[in-house]
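Q: pasting a predicted model and its sequence here:
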Amino acid sequence: MSLIYAFAVAAQMGAGVYLLLSRHVMRILFGVVLLSTAANLLIFVSGGLQFTAPPVIPQGQQMLGEGAANPLPQALILTAIVIGFALVAFAAALVLKAYQSLGSVFTDEQNDAEELGSPFAKKAADNV
Amino acid sequence: MFDTLLLWPVILPLAGAALAAALHAFPAVQRQVALTTMVLTFGASLFLVDAVMEGAILTKAFGGWMPPFGIVFVADRFSAAMVVISSLLALCALVFAMGDLRQRQVRSGFYPLFLGLMIGVNGAFLTGDIFNLYVWFEVMLIATLGLITLDRTRAQIDGAIKYAVLNLFSTILFLMAVGLLYGATGTLNMADLAVVLPQTEPSAALTLTAMMFLLAFGIKAGFFPMFFWLPASYHTASIIVSAVFAGLLTKVGVYALFRVFTLLFEVDNGTLKPLIAVIAAGTMLFGVFGAAIQWDVRRILSFHIISQIGYIMLGLAVATPLALAGAVFYIIHHIVVKANLFFVAGAIHRATGSFDLRKSGGLMKASPLLAVLFAIPALSLAGIPPLSGFWAKFMVVDASFQGEAAWLAAVALFVGLLTIFSMSKIWIEAFWKEHPRAVRARPVPAVMLVPIAALGIITLAIGFNPEPLVAFSNLAAESMGDRTQLIGAFYGGEHTAGVTP
């Protein structure tokens, strides 16, 4: 069973890295999204996937019963999802802003930063 | 009393950031809030370093959950020293900002973001839980992304995309490594991991975890094959932001690497040591070569960050206590010197109107004081005695000779030579040369010179009296290299008895 999940993680990672290598910033963004979901799935699998009881402490007891799932990986993933959402939201805004101000979605046409102080520039770029 | 000492360096910036965000409409009040916060944080960090100076390791478990279950904060000499030096640098940056920050940048949220960055940095230095470290890295990343795009110029947006994508990739790798580590050991507390990992069977998962940590922190720290995001983005940010990034961000990656590879994994096993040695040599060489061709002061300095990171990595590559002590010394020296050089770059820009060396000049006559203030960190960076950089280089090079890594020492010395070349390029172009358009240099405000002078004095003080810091680095490296001390701080004496470090 975990072999299937392992291949799922690998497929997601592979697709993510492939998209990350693209020149199109939207594809790069999708690559980051895929990679972060692959990371969440990886934590889930490595935390031990089993068909177990939900991790709820029965009334009147102090500890989890036998055979309850481990709640920690789920807490980790929840944290990672929240953080990942915030960063992807920022990255999406950044990509939009880049398209508006640089006028291109291709990374090889976005080289304003490289031109600062570049020895190859025809005229020395205007510094801010 | 003692255990709350650990919390103030994080709580104070957190409160300050919230307050500064709430006072968004009042820029002047925000500035007061930020300055007060950083003064208090610096004071709190001094108390912290005083408490750990005698060798005690402070721990604090949150919510009454005892380790290994709860999230813990922990401070030994190394982490306390990092908190002190980063708080001091942040304070200097805020003073510098009084002269350099524009209203527009304050309105874009400079103060809350800056304090947010300090929350992340101090949290990363103080946490004792590997997943919590990931969270602090993300806090740092989101604040950093806000700071780097402060002016929203074309160059900044371009730089920010490169920065964001590669750093997101690095934190995702970090998260995956944490997940795999949890799967293999069932714990996330660093002290507990140090107990469990030596008893765990070596497996492919653990090797993969170690490699992923190396890669993730390597991207953050700016190692040789993965450093391209750094010179692509750092020089676009506002100079205050660049200075703080240059001083702190890569060093947090280095700090995390030192923690993981002293506490959790051994450098001293077979393949890892030559790998780190090659990375260190590559980082030193390619950083300095990259700097040689550039004309923008900030880009030259950005490439030099990378080459200096190589020197720090040399400490981990040799991995003797002497080498680790050299690395600790080097980190402290480098935070001070590199941020100072960026401040000087800001002053050059203020005086001549350009960061591009081809378009600046004439500062030697116009502002001899600035020339002296540039010479101190520049010569220190290159390792000219008797400045702090000389002792830092001396310690790591000496350790490499003693650790039978003479070729690393040779690379380090060669790179030092090229560093002088780069620094003299800035010196000749910005200070000696006449200004190309014969413009009179504008005066640099005193609030910009004060932090430069303060950091210069620290450089001189370390240079002329290196002994206290050398002794401190030795002690810090000793407690960093000895796992049993940290484990003992959590579990008391009886738990450590069965553990072979």
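A: Ah, there it is. Numbers count the residues shown, from 1 in each chain, chains lettered A, B, ... in the order given.

Q: so which bits of stretch B:353-370 are buried?
A: For stretch B:353-370, the neighbour count (16 or more other CB atoms under 10 Å in any protein chain shown) marks B:353-357, B:359-364, B:366-367, B:370 as buried. For the C-beta atoms, the positions are set from N, CA and C on the backbone; glycine is no exception.

Q: any part of that stretch near chain A?
A: Yes. Judged by CB under 8 Å from any CB of the partner chain, stretch B:353-370 and chain A are in contact via B:354, B:355, B:356, B:357, B:358, B:359.

Q: now for those residues: which two are most distant?
A: Spatial extent of the residues of stretch B:353-370 next to chain A (CB to CB) is set by the pair B:355 and B:358 at 10.4 Å.

Q: for chain B, what's its nearest residue on chain A.
A: Using CB to the nearest CB, the single residue of chain A nearest to chain B is residue A:117, 2.3 Å away.

Q: surely residue B:440 is within a helix?
A: No. Under DSSP: H, G, I helix; E, B strand; the rest coil, residue B:440 sits outside any helix and is assigned coil.

Q: for the closest residue in space to residue A:108 that isn't next to it in sequence, grab the count of nearby residues.
A: Distances taken as CB to CB, 6 or more residues apart in numbering or on different chains place residue A:23 nearest to residue A:108, at 5.6 Å, with adjacent residues excluded. When neighbours are counted by other CB atoms under 10 Å in any protein chain shown, residue A:23 registers 13.

Q: could you report the neighbour count for residue 116?
A: All of this is about chain A. By the criterion of other CB under 10 Å, residue A:116 has 24 neighbours.

Q: that's the other chain; I wanted chain B
A: Neighbours of residue B:116 under the rule other CB under 10 Å: 25.

Q: in space, what's closest to it - neighbours in sequence excluded?
A: Of all residues not flanking residue B:116 in the chain, residue B:143 sits nearest, at 3.8 Å (CB to CB, 6+ apart).

Q: contacts only, for residue B:178.
A: Counting by CB atoms under 8 Å, 6 or more residues apart in numbering or on different chains, residue B:178 makes contact with A:43, A:76, B:130, B:131, B:134, B:188.

Q: list just the nearest of the residues you listed to residue B:247.
A: Closest approach to residue B:247 among the contacts of residue B:178 (CB to CB): residue B:134, at 22.2 Å.

Q: now that closest one: how far from chain A?
A: Distance, residue B:134 to chain A, by CB to the nearest CB, to the nearest Å: 8 Å.

Q: helices and strands around the helix or strand containing that residue, which ones?
A: Here residue B:134 is covered by helix B:130-148, with elements defined by DSSP states H and E. Here helix B:130-148 touches helix A:71-102, helix B:110-126, helix B:154-185, helix B:239-244, helix B:250-259, going by 3 or more CB pairs under 8 Å, 6 or more residues apart in numbering or on different chains; DSSP states H and E.

Q: list the buried ones in the helix or strand that the last one is followed by?
A: Using DSSP H and E, the helix or strand that directly follows helix B:250-259 along the chain is helix B:272-293. Within helix B:272-293, the residues that qualify as buried by neighbour count (16+ other CB under 10 Å) are B:272-273, B:276-277, B:279-288, B:290-291.

Q: just the residues you listed that are near chain A?
A: Counting by CB under 8 Å from any CB, the subset of the buried residues of helix B:272-293 that neighbours chain A is empty.

Q: count of neighbours near residue B:465?
A: Residue B:465 has 11 neighbouring residues, counting by other CB under 10 Å.

Q: and what of residue A:109?
A: Residue A:109 sits with 11 neighbouring residues when counted by other CB under 10 Å.

Q: re earlier: which of the buried residues of stretch B:353-370 lies closest to residue B:447?
A: residue B:370 (14.0 Å).

Q: separation between the closest one and chain A?
A: To chain A, residue B:370 is 18 Å away according to CB to the nearest CB.

Q: can I assume that residue sits in a strand?
A: No. According to three-state DSSP, residue B:370 belongs to no strand; its state is helix.

Q: tell me which two of the contacts of residue B:178 sit farthest apart.
A: With CB to CB as the measure, no two of the contacts of residue B:178 lie farther apart than A:43 and B:130, at 12.5 Å.

Q: helices of chain A, start to end?
A: Using DSSP state H, the helices assigned to chain A run over residues A:2-20, A:25-46, A:71-102, A:112-115.

Q: let me know the average pLDDT across the third one.
A: This points to helix A:71-102. Helix A:71-102 shows a mean pLDDT of 92.

Q: for chain A, what is the nearest residue in the stretch 101-250 of chain B?
A: For the stretch 101-250 of chain B, CB to the nearest CB, closest residue to chain A: residue B:183, 2.8 Å.

Q: ok, the helix or strand of chain A with the lowest mean pLDDT near chain B or not?
A: Lowest by mean pLDDT, DSSP states H and E among the helices and strands of chain A is helix A:112-115, with a mean of 82. Yes. With CB under 8 Å from any CB as the criterion, chain B is reached by helix A:112-115 at A:112, A:113, A:114, A:115.

Q: circling back to that earlier point, what would the buried residues of stretch B:353-370 look like in TSV with secondary structure and pLDDT?
A: Rendered in TSV, the data for those read as follows (DSSP: H, G, I helix; E, B strand; the rest coil; pLDDT from 0 to 100):
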residue	secondary structure	pLDDT
B:353	coil	86
B:354	coil	86
B:355	coil	89
B:356	strand	88
B:357	helix	87
B:359	helix	86
B:360	coil	85
B:361	coil	84
B:362	coil	85
B:363	helix	87
B:364	helix	87
B:366	helix	86
B:367	coil	87
B:370	helix	92
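
Q: which one of those residues is nearest residue B:332?
A: Taking CB to CB as the measure, residue B:332 lies nearest residue B:370 of these, at 24.8 Å.

Q: now do the contacts for that closest one.
A: Shown in contact with residue B:370 (CB under 8 Å, 6+ apart): B:344, B:347, B:348, B:351, B:363, B:444, B:449.
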